[in-house]
Structure formats: structure tokens, C-alpha cells
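Participant: I need the structure of the sequence given here:
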Amino acid sequence: MNPARLFWIVLAVIGGGLILLIVNDSSGSTLGLPNGSFANLVYLGVWGTVLAAGIVASGRRLGDTARALAAWTLIILVFVASYQYRYELQDFASRITVGLVPGSPLTVNDGGNTVMLEKLTNGHFGARGVVNGATVDFIVDTGASATVLTAADATAAGFDPAALSYNVPISTANGMAKAALTVADTISVGTIERRRQQVFIADRGTLDRSLLGMNFIGSLSGFDVRGDRMILRD
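Facilitator: This next block holds a predicted model:
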């Protein structure tokens, strides 16, 4: 179709629609349709005209054009559906991650800030947390009064274990040990975060795994265990 002719056709559709809307403004309806619906119909008509003209001008076979339109329609629907179900898709991805990476926290969309932890194969609850921006694989220990970091995890979190004073006795699975008391800028498990919390750093070789203790767990509004799952509520 000639571009000039297409321009005049589109202009005529828009102009005719506007005239009808202006004339029927007081009545609230045009050709039996509410003015809002009629305006949408004119809008779609303009795009339909442009699309049809483009198809004709392309010279492509109708079957090829129909397949291309179907493919683009499917792509658009996939994007729309992904946006509408984005929270469900995030939950699905989180559940896959929990299965692949032991201790990965799963944020539960229940209207509050709730995180679910899975029991590890060793029978303990694990929590993949973040301390000062560094990933730390914790064992949840409700018997520990405070969070304890291994020397390796402390180094990753930006502490200098060699510069600390190890003068606080702590009880570990290997017996009594010495630890240094310091403060972490941030500790987070999933979407639950605490700032400026005290942590102990165990002397090198005295602790196999960092412990998430009661100074973090006790700051929550509640937690409970359901079978192989621990629910943390902020």
C-alpha cells in the first residue's frame, strides 16, 4: 500500500472517531458503545490498519505472516505471564536452589518476612547466610548464646583473626575453646537482616563450621521446627 494513502486512511479513522466522540460526548455513548470503549476501538482500529497495510506491503505469503504473528503473540504472552506470576516463579527458583545448595534459605511469601531452612543430611539445620557481604554456611545452634565464626569465615567477612584477642571461653563440639569478641556490620539469612551484632570468632582450628546462635535467632519474632524444616519469622 502506498505510504501516502495509508497516512490518509489512518488520519481519516482518527478524525472520524474524534468527531463521533465529540458529537456524542453529552450522551456518553457512541454507536451503542460507551465513549471509553469506542475510543479504545478506534485506537485498535488504527493499529489494525497499520498492521494490515504492513503485511500487504511486505509481499510475504499469508501463511508465513500468520506463523510470524503467532510466534510474536506467544512471546508476548510468555512475557506477560512471567510478569504476572513473577513471585511464584521466584519461589519456584528458590525451591530449586534449596534442593541443589544445602542450607540455602527460602523466603516464604506469606505477607511477612519469613524464611524457611531445610535440615541437612547430618541432622542439623543449615543456613547459608551473609556476614559483611561474605557468604557463610552456618549450622543453626539454639544452644549457642551468640553467633560464632570460624577463622576462615571471619577472614572472608573482612576480619583479621590474627589481630584479635582470644580471651573468651566457648563450648564447641570439640570441647572448650577460646574465641575473640567483635561486632559484625551485617548478618543476614535470606531476607532477614541484623546490623551491628556481636559475634565470636573462634581461634584457628577449634571450630569446623560457623554457628548461628541465639543473639540472631532470639531477635526474631518467632521460630519453630516442622519436621525437616525450620521457620524463621522476623
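Participant: What helix or strand is Leu20 located in?
Facilitator: helix 3-23 (DSSP states H and E).
Participant: For the helix or strand that that helix is followed by, which helices and strands make contact with it?
Facilitator: In the C-terminal direction, the helix or strand that comes right after helix 3-23 (DSSP H and E) is strand 29-30. Where contact means 3 or more CB pairs under 8 Å, 6 or more residues apart in numbering; DSSP states H and E, strand 29-30 is packed against helix 35-58. (Each C-beta comes from the backbone N, C-alpha and C, glycine too.)
Participant: 10 Å instead?
Facilitator: Packing partners of strand 29-30 (3 or more CB pairs under 10 Å, 6 or more residues apart in numbering; DSSP states H and E): helix 3-23, helix 35-58.
Participant: Per-residue pLDDT of Ile9, please?
Facilitator: Note on Ile9: pLDDT of 68.
Participant: go on, the one 10 residues further on?
Facilitator: Ile19 carries a pLDDT score of 78 in this model.
Participant: ok, now how distant is it from Asp25?
Facilitator: 11 Å (CB to CB, to the nearest Å).
Participant: which residues are in contact with both of the two?
Facilitator: Applying CB atoms under 10 Å, 6 or more residues apart in numbering, one finds that no residue jointly contacts Ile19 and Asp25.
Participant: What's the first helix or strand after the strand ranked longest in the chain?
Facilitator: Determined from DSSP state E, the single longest strand within the chain is strand 175-189. Sequence order places strand 192-202 as the next helix or strand after strand 175-189, per DSSP H and E.
Participant: which other helices and strands contact that next one?
Facilitator: If you count contacts as 3+ CB pairs under 10 Å, 6+ apart, strand 192-202 packs onto strand 113-118, strand 126-131, strand 147-149, helix 151-156, strand 168-172, strand 175-189, strand 210-212, helix 214-217.
Participant: How about the contacts made by Asp25?
Facilitator: Applying CB under 10 Å, 6+ apart, the residues contacting Asp25 are Asn35.
Participant: oh, and call the first residue 47 from now on, that's how I've got it
Facilitator: Sure, I'll start numbering at 47, so the last one becomes Asp71.
Participant: Now the weakest link among the helices and strands packed on strand 238-248, please, by mean pLDDT.
Facilitator: strand 214-218 (a mean of 77).
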